[in-house]
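A.B. asks: Next come a sequence and a model predicted from it.
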Amino acid sequence: MPELKDYRIRAATAADVRPALEMKLAAWRQAYSGFRGEEFFAFHEEQLEAQVAWWERGLAGGAQFYIAENAEGRIIGLAGGTPVIDEDQDAGVEIELGMLYILADFYGSGLGAHLLQVVLGQRPALVWVLQGNERAIAFYRKHGFEFDGVSEELTGSWNGLTELRMVRRNG
């Protein structure tokens, strides 16, 4: 198991948006390369400028997400939650873990669990996970999430993949 002794988690600022998105893309390559080819990652890299602008507007509007930095100040993880959308009200929870990504070098270090705790605490919540992403599914199960039988066929660059909803009823 990797050991991670020196890192900090803090709320992201506008200055963090670009490096956080670059880290997210690196984490996607590591986590989703078995699900998607190079064209998928290239497409999302081409969308970086638009994503930076969108995230900056979100932060300016009151949205919040958290980053984990190593001792050198490099972003190694990020996480954020949002209120549950109308379509997910049937889950009976108020918050969705919208994103939780860490770089593969830190899998098993406890960083993901720490980010999860910062965003959700012990609150009941939901998260959407790609079908077949066994590492993520095992992580969320370890933290009290279970499938509730709801799924969604993805579109756009994710076309052909299915997301499964996992719910943690008792934090």
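C.D. replies: Great, that's in hand. This is a predicted model, so every value here is computed, not measured.
A.B. asks: in the lengthiest helix in the chain, what counts as buried?
C.D. replies: Counting residues, the longest helix in the chain under DSSP state H turns out to be helix 17-32. Within helix 17-32, the residues that count as buried by 16 or more other Cβ atoms under 10 Å are 17-21, 23-29, 31. Every C-beta, even on glycine, is put in place using the N, C-alpha and C of the backbone.
A.B. asks: which one among those residues gets closest to Leu48?
C.D. replies: Leu21 (6.1 Å; Cβ to Cβ).
A.B. asks: Return the distance of the residue nearest to that closest one when sequence neighbours are not counted relative to Asn133.
C.D. replies: Nearest non-adjacent residue to Leu21, counting by Cβ to Cβ, 6 or more residues apart in numbering: Gln51, 5.5 Å away. Gln51 sits at a distance of 22 Å from Asn133 (criterion: Cβ to Cβ, to the nearest Å).
A.B. asks: Please apply the same query to Val119.
C.D. replies: Noted for Val119: a distance of 19 Å to Asn133, by Cβ to Cβ.
A.B. asks: Tell me which of those two has more neighbours.
C.D. replies: Using other Cβ atoms under 10 Å, the more surrounded residue of Val119 and Asn133 is Val119, with 23 against 18.
A.B. asks: Now for the more buried one: which residues touch it?
C.D. replies: Tyr66, Ala79, Gly80, Gly81, Leu97, Leu100 (Cβ atoms under 8 Å, 6 or more residues apart in numbering).
A.B. asks: Is the last one in contact with Leu111, as I believe?
C.D. replies: No. Using Cβ atoms under 8 Å, Leu100 and Leu111 do not qualify as a contacting pair, with a distance of 10.0 Å.
A.B. asks: Pull up the overlap in contacts between those two.
C.D. replies: Listed as contacting both Leu100 and Leu111 by Cβ under 8 Å, 6+ apart are Gly77.
A.B. asks: Check what contacts stretch 131-143 and list those residues.
C.D. replies: For stretch 131-143, contacts defined as Cβ under 8 Å, 6+ apart pick out 31-32, 34-35, 107, 112-113, 116, 127, 129-130, 151, 161-164, 166, 168.
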